[in-house]
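In: kindly return the folded structure for what I paste below:
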Amino acid sequence: MARKINPFHEYEYPPFEGFPADTLSFLRSLKRNNDRTWFNNNKARYVENVKFPMETFLYHLRERLLRTIPGIDIDPKKSMYRIYRDIRFSKDKRPYKTHQAAAFTFTGGHRNHDPGFYLHIEPGNVFIGGGWWMPEPSKLKVFRKALAEGYPEFRKILARKKFESMFGGLEGETLSRVPRGFDAGHPAEDLLRYKQFLVSTTMPSERILDGSFLREAADVFDTMEPFVRYLFSHSR
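Out: Numbers count the residues shown, from 1 in each chain. Coordinates of the predicted model:
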């Protein structure tokens, strides 16, 4: 287990050598036993084999990305989403998520509303994505105005060979026509119609069991960084 050392990180994390095999086993079991009694009886297992390994991973990911992505804001604890579902307004009353996820952005941003980076782990699928999931209307308006003029730079980012190879292309919901305030036939019409700006890649969940997953994930985030930074810097 970790040892307390300072108020910022609170713990000294061990080297990342891969997630334990029980990370995936626990999440599989949770999917079959999504109730409070089972979870409470297995909470120590969750903390030891899911929560703490994710904190350890995020700690080392932060140390690595700080060398390549200026201004990245990752906190081992705060960047990780809680396992508890918000069921107050949901018909689905299952109390727990059956995946472990984390999100982070640049200093000064909000991980749920500003462009950022996302990691999702569940049995059978590791999902690494980035972009802008829930743009606030006022910020989206600012970004579209900037994009209408600066679209050549944005297209260059999307067209980079490694970027295309890794992510395929831009994803997200789109409008059926160019948004109000922009002319039909604008050279960036296809981009201006996006309501979300997302890219993603997946890999087998077993990859997280190897220490090399840290390097692989960092490479994905490094590759998407110019895309996310463009979104972030032009929406403020």
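In: strands of the chain, residue ranges please.
Out: In the chain, the segments counted as strands under DSSP state E are 3-4, 11-12, 72-73, 100-106, 116-122, 125-132, 197-203.
In: which residues of this protein fall in helices?
Out: In the chain, the helices defined using DSSP state H lie at 21-32, 36-41, 43-46, 52-65, 137-159, 161-167, 189-192, 213-233.
In: before we move on, back to that, make a markdown table out of the strands of the chain and add mean neighbour count, distance to Lys145 and mean pLDDT.
Out: C-beta here means a position set from N, CA and C on the backbone, and glycine is covered the same way. Shown next, in a markdown table, are those (neighbours: other Cβ atoms under 10 Å; distance: least, Cβ to Cβ, whole Å; pLDDT from 0 to 100):
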| stretch | mean neighbour count | distance to Lys145 | mean pLDDT |
| --- | --- | --- | --- |
| strand 3-4 | 8 | 48 | 46 |
| strand 11-12 | 14 | 44 | 68 |
| strand 72-73 | 20 | 26 | 97 |
| strand 100-106 | 21 | 21 | 98 |
| strand 116-122 | 22 | 21 | 98 |
| strand 125-132 | 21 | 15 | 97 |
| strand 197-203 | 18 | 15 | 98 |
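In: quick test: name the residue nearest the centre of the chain.
Out: Tyr118 (0.4 Å; Cα atoms, centre = their mean).
In: tell me the bridge partners for it.
Out: Ala103, Gly129 (DSSP bridges).
In: now it: how far from Ala44?
Out: Distance, Tyr118 to Ala44, using Cβ to Cβ, to the nearest Å: 28 Å.
In: sorry, back to before: what about the residue nearest to the centre of the chain, distance to Met80?
Out: In terms of Cβ to Cβ, Tyr118 sits 12 Å off from Met80.
In: which one of the helices of the chain lies closest to His99?
Out: His99 lies closest to helix 21-32 among these, at 6.6 Å (Cβ to Cβ).
In: low pLDDT regions in this protein?
Out: Applying pLDDT under 70 to the chain flags the ranges 1-11.
In: change it to 80
Out: 1-12 (pLDDT under 80).
In: before we move on, the earlier item: same list (the strands of the chain) but as a markdown table, adding distance to Asp183.
Out: Below are the strands of the chain laid out as a markdown table (distance: least, Cβ to Cβ, whole Å):
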| stretch | distance to Asp183 |
| --- | --- |
| strand 3-4 | 60 |
| strand 11-12 | 55 |
| strand 72-73 | 37 |
| strand 100-106 | 32 |
| strand 116-122 | 31 |
| strand 125-132 | 24 |
| strand 197-203 | 21 |
